[in-house]
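Visitor: this one's sequence-less:
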């Protein structure tokens with residue numbers, strides 16, 4: 001249910017996977033040396049497949065949203081240092097009048113609560129920060145801006161702490177950034193391509209979304225005790241993919257899962273994302289820390 005601004009929100013808990021967003025949420029941590037994607041950037045790509053109730057969509061426009069999510073990705077041959085391990089993401093986004101995300105800030109934590117990635121974006125610039133576990137993935141840093149013709153390629157870069165902080169022009173794509181908002185689905189409408197597997201099943205355990213001291217959300221989408229579980233199987237040329245979605249009575253999707261198997265039934269990849277309560281703030285009543293680098297990011301970026 002949606003609680004009013006005077007309702008009690010979660011006040012404790014360190015977070016928790018896109019980021020970045022969101023941002024497959026996770027599940028797009030860097031798999032190649034040539035492209036560095038934070039977990040949150042892919043966290044909520046499934047939202048494009050579902051249409052939220054109209055009342056919910058309006059509430060998420062011209063607002064600042066804050067949520068925590070727990071992510072798990074296990075990909076055969078995956079090079080991410082946290083492949084097969086659970087991570088937690090704390091995410092802030094600001095939306096405009098159309099619901100597109102114009103600012104994003106996400107911090108990814110390992111199971112011990114240690115920050116391992118951070119991303120800060122607006123429509124013009126992106127900063128990505130990677131913990132030391134990622135150093136071996138970047139023998140040459142993936143550039144955010146192509147060198148000009150007057151710049152020499154120079155020798156191959158050696159690994160230094162600075163390569164773990166990547167910043168430069170290139171920000172959020174307003175045509176796609178609405179997908180970084182946690183997904184909703186109208187519970188009264190059929191879910192295209194999905195089959196209802198279980199109704200009123202027990203809801204998954206969800207992380208807390210901490211409330212910064214001195215600030216009160218305008219609204220909070222809390223977690224419910226039950227969910228409806230939907231599933232979809234898609235044939236692939238080498239096997240099949242199964243997607244599972246768990247939806248609360250208010251339409252909020254609180255768990256996304258997918259699994260890909262080959263023709264012999266061997267699992268190639270699995271991912272899972274569980275969303276905690278979603279806080280909605282007024283743009284003019286947002287904690288200053290929402291859209292600045294944390295101490296983790298400042299240290300690696302020498303700020």
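Guide: The structure has been received and is ready for your questions. The shown structure was predicted, so the numbers you read here are calculated from the model rather than taken from an experiment.

Visitor: Check which strands are paired with the helix or strand that residue 230 is a member of and give the direction for each one.
Guide: Element membership for residue 230 (DSSP states H and E) is strand 226-236. Using DSSP bridges, strand 226-236 pairs in its sheet with strand 195-202 (antiparallel), strand 239-247 (antiparallel).

Visitor: export the ones you listed to CSV and tack on distance to residue 80, mean neighbour count and mean pLDDT?
Guide: From N, CA and C alone the C-beta is placed, and that goes for glycine too. Below are these laid out as CSV (distance: least, CB to CB, whole Å; neighbours: other CB atoms under 10 Å; pLDDT from 0 to 100):
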stretch, distance to residue 80, mean neighbour count, mean pLDDT
strand 195-202, 30, 12, 96
strand 239-247, 20, 18, 96
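
Visitor: Figure out which of these is closest to residue 121.
Guide: For residue 121, the closest of the strands paired with strand 226-236 is strand 239-247, at 26.5 Å, according to CB to CB.

Visitor: Other residues contacting the closest one?
Guide: Residues from elsewhere that reach strand 239-247, judged by CB atoms under 8 Å, 6 or more residues apart in numbering: 46, 50, 185, 187, 191, 194, 197, 201, 203-204, 227-234, 253-263, 265, 268.

Visitor: let's go with 6 Å and repeat that
Guide: Residues outside strand 239-247 that contact it (CB atoms under 6 Å, 6 or more residues apart in numbering) are 185, 227-234, 253-263.

Visitor: Next secondary structure element downstream of that strand?
Guide: strand 253-262.

Visitor: contacts for that next one?
Guide: By CB under 6 Å, 6+ apart, strand 253-262 touches 46, 183, 185, 204, 238-239, 241-248, 267-275.

Visitor: can you list the strands paired with strand 226-236 in JSON lines and add distance to residue 173?
Guide: Compiled in JSON lines, these are given as follows (distance: least, CB to CB, whole Å):
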{"stretch": "strand 195-202", "distance to residue 173": "32"}
{"stretch": "strand 239-247", "distance to residue 173": "24"}
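
Visitor: so which of those gets nearest residue 74?
Guide: strand 239-247 (14.6 Å).

Visitor: nearest to residue 96, of the strands paired with strand 226-236?
Guide: Nearest of the strands paired with strand 226-236 (CB to CB): strand 239-247, 26.2 Å.

Visitor: chain center to the closest one: distance?
Guide: 18 Å (CA atoms, centre = their mean, to the nearest Å).

Visitor: what is the orientation angle of it with strand 253-262?
Guide: Here strand 239-247 runs at an angle of 170 degrees relative to strand 253-262 (axes from the mean of the first three to the mean of the last three CA atoms, to 10 degrees).

Visitor: quick one on the thing from earlier: out of the strands paired with strand 226-236, flag the one nearest residue 119.
Guide: Judging these by CB to CB, what sits closest to residue 119 is strand 239-247, at 25.1 Å.

Visitor: Mind checking which of the contacts of strand 239-247 are buried?
Guide: 185, 227-232, 253-261 (16 or more other CB atoms under 10 Å).

Visitor: start to end distance for stretch 288-303?
Guide: 17 Å (CA to CA, to the nearest Å).

Visitor: Which residues does the strand holding residue 230 contact?
Guide: Residues contacting strand 226-236 (CB under 6 Å, 6+ apart): 191, 193-201, 203, 240-248.

Visitor: Please repeat the previous calculation with a cut-off of 8 Å.
Guide: 187, 191, 193-204, 240-249, 254-255, 260.

Visitor: what mean pLDDT does that strand have?
Guide: Confidence over strand 226-236, taken as the mean pLDDT, stands at 96.

Visitor: cool, stretch 137-153 as well?
Guide: 51.

Visitor: What of stretch 70-89?
Guide: 96.

Visitor: Then stretch 52-59?
Guide: Rounded mean pLDDT across stretch 52-59 is 84.

Visitor: Show me which residues of it are buried.
Guide: Quick answer for stretch 52-59 (16+ other CB under 10 Å): 52, 53, 56, 59.

Visitor: how much space between the last one and residue 282?
Guide: Residue 59 sits 12 Å away from residue 282, taking CB to CB, to the nearest Å as the criterion.

Visitor: neighbours around residue 90, how many?
Guide: Residues within reach of residue 90, counting by other CB atoms under 10 Å, total 26.

Visitor: Distance of it relative to residue 138?
Guide: In terms of CB to CB, residue 90 sits 24 Å off from residue 138.

Visitor: Ok, residue 175 next?
Guide: Counting by CB to CB, the gap from residue 175 to residue 138 is 29 Å.
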